[in-house]
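J.: Pasting the sequence and the predicted coordinates here, then a few questions.
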There are 2 protein chains.
Amino acid sequence: MTKKELVDNIFRKQSFLCVGLDTDLKKIPQHLLQEDDPIFAFNKAIIDATAPYCVAYKPNLAFYECFGIKGWMAFEKTVAYIKTHYPDQFIIADAKRGDIGNTSAMYARCFFEQGGVDSLTVAPYMGEDSVTPFLSYEGKWVILLALTSNKGSHDFQLTESAEGGERLFEKVLRISQQWADDERMMYVVGATQGKLFEDIRKIVPEHFLLVPGVGAQGGSLEEVCRYGMTPECGLLVNSSRGIIYADTTERFAEVAGEKARELQQQMAAELAKKMAC
Amino acid sequence: MTKKELVDNIFRKQSFLCVGLDTDLKKIPQHLLQEDDPIFAFNKAIIDATAPYCVAYKPNLAFYECFGIKGWMAFEKTVAYIKTHYPDQFIIADAKRGDIGNTSAMYARCFFEQGGVDSLTVAPYMGEDSVTPFLSYEGKWVILLALTSNKGSHDFQLTESAEGGERLFEKVLRISQQWADDERMMYVVGATQGKLFEDIRKIVPEHFLLVPGVGAQGGSLEEVCRYGMTPECGLLVNSSRGIIYADTTERFAEVAGEKARELQQQMAAELAKKMAC
């Protein structure tokens, strides 16, 4: 998917919501456990209920790998289902990979050639040659970790460098722009980072940011938009647990759809605010 | 496996060799492609040929994930085969994972409960709460990326901080010691880093280091030992391509065994040198 197509989808649907498919057998409604493939059955119902209100899905690979072969089958079926029934959805494999060149090349083959997803989250610690193998696929995106939503983000990402006090996440943003532009790369920035979005926008004024941490992790949508939104929107805000586990009865999908719709309406209001500026 | 058991294995076998199972269908001998599970058939032959000369195996997850469900089956069979036939081998899942707490907990479940490996490589970028979920499994190890073997290691890992010029990899070594001691944590340090092993040993004098990059990537075993070896050895030196793809005919396993034996003999000499000091 191109950046223009993504932006068009966002304005058409008045939503920049990404639904995180962190599907955990221990948390899904118990009646689904009788299905042949409970993970896929859950995802399918969630996707059908939320698709009108979101522009992206983000299956978190940990939740699929955890169930070994069955998990991988569920992942592959989920991606195929989205591509067939909702081809305008942007699919993010949240895998946080990153390894030496030949290994990253294998991961790229895995997710982009066989998996068919649009993008992959990648960790920057190992530098350029761990990231560039993902950039050789036309129309596919790298979403690089910059400033994450968790408490541990303070351990290393905020470390100031001896050269001019640049923080590590700022260096990641600056250096990685030499590897790809805003048509091929996005950045993960946690919703819990508040005003730091202003600093981020000074370095990457045009890039899309994938923003986890609204909802269960305590980030504020309004704050993210105030400091992070661009004229092209420039945000994909993810919600996982707040949508997919909002209800654990037989009404789970319906309630997930309602929660997604609530977020979509807040997002429409934020887009309108921005456009009015 | 405890640290003492690992050290005992090293001195008994006079080897600190880890064989990297980066098994690529495009590189294995063509006659194996007729097998039901070519990846496992290759691994089994390599393991049987090299087990006398090494103390650890490191399947690189990228190479298994790349083949989806078949790849995962081959990975699971490989781990089970090693555990059954060579229970004194230390098994490293080279996955370079690391995510927010609940996701890392899923990965930990995946690899330690279901996968049955001894250890997992983890990326430090997301900090403490992305690493600690892996530390709650008795007898299991985290192998944290510190200073990697690739060219991109220079992009961020060597960045000096404003506080006292500490480099990022040094901060990772220092801070992560608050999370676990040398009985539960090792560090990845690339063989290509030469004299930097001296600086590393000032911060982690007792920890085991997992050292990739000897062979195909150009690192020197002799240099790694001179600067990195401790009285308990403290090193697991990995070789992947230099062993498993040394020959691509029907003699591949025999030649892999010879290559492993050559390295083992060099390692025995290095251990003798150290013990003579």
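T.: Happy to help now that I have it.
J.: Get me the contact residues on the stretch 151-277 of chain A for chain B.
T.: A:151-157, A:159-163, A:165, A:168, A:171-172, A:175, A:212, A:217 (CB under 8 Å from any CB of the partner chain). Bear in mind the C-beta positions are built from the backbone N, C-alpha and C, glycine included.
J.: Can you select the buried ones from those in ChimeraX?
T.: The following ChimeraX line selects those of these that are buried, judged by 16 or more other CB atoms under 10 Å in any protein chain shown:
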select /A:151,152,153,155,156,157,159,160,161,168,171,172,175,212,217
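J.: Got the phi and psi for the closest residue in space to A:Thr249 that isn't next to it in sequence?
T.: Leaving aside its chain neighbours, A:Thr249 sits nearest to A:Pro29 (6.3 Å; criterion: CB to CB, 6 or more residues apart in numbering or on different chains). Note on A:Pro29: backbone dihedrals following degrees, to the nearest 10 are phi -50, psi 140.
J.: burial measure for A:Pro29, as a count.
T.: As a burial measure, A:Pro29 scores 18 neighbours (other CB atoms under 10 Å in any protein chain shown).
J.: Next, the contact list for it, please.
T.: Contact analysis of A:Pro29 by CB atoms under 8 Å, 6 or more residues apart in numbering or on different chains lists A:Phe42, A:Thr248, A:Thr249, A:Glu250, A:Phe252.
J.: what do you get for A:Gly116?
T.: Contacts for A:Gly116 (CB under 8 Å, 6+ apart) come out as A:Val79, A:Ala80, A:Lys83, A:Ile91.
J.: Buried residues of the one helix or strand the first one maps to, list them for me.
T.: In this structure, A:Val79 sits in helix A:68-85 according to DSSP states H and E. The neighbour-count check on helix A:68-85 (16+ other CB under 10 Å) flags A:68, A:70-79, A:81-82 as buried.
J.: Once you drop chain neighbours, what's closest to the residue of the stretch 1-150 of chain A found nearest chain B?
T.: Across the stretch 1-150 of chain A, the shortest distance to chain B (CB to the nearest CB) belongs to A:Gly127, at 2.5 Å. Spatially, and ignoring its direct neighbours in sequence, A:Gly127 is nearest to B:Gly152 (2.5 Å; CB to CB, 6+ apart).
J.: Starting from A:Ala191, give me the distance back to that neighbour.
T.: For B:Gly152, the distance to A:Ala191 equals 29 Å [CB to CB, to the nearest Å].
J.: Report the distance from stretch A:147-157 to the chain centre.
T.: Relative to the centre of its chain, stretch A:147-157 is centred 17 Å away, using CA atoms, centre = their mean, to the nearest Å.
J.: repeat for stretch A:110-125
T.: Relative to its parent chain, stretch A:110-125 has a centroid offset of 12 Å by CA atoms, centre = their mean.
J.: State the mean pLDDT of it.
T.: Average pLDDT, stretch A:110-125: 92.
J.: Which residues belonging to it are considered buried?
T.: Using 16+ other CB under 10 Å as the test for burial, stretch A:110-125 gives A:110-112, A:115, A:117-125.
J.: what sits against A:Ala80?
T.: A:Gly116 are the contacts of A:Ala80 under CB under 8 Å, 6+ apart.
J.: any idea of the pLDDT on it?
T.: In this model, A:Ala80 is scored at 97, pLDDT.
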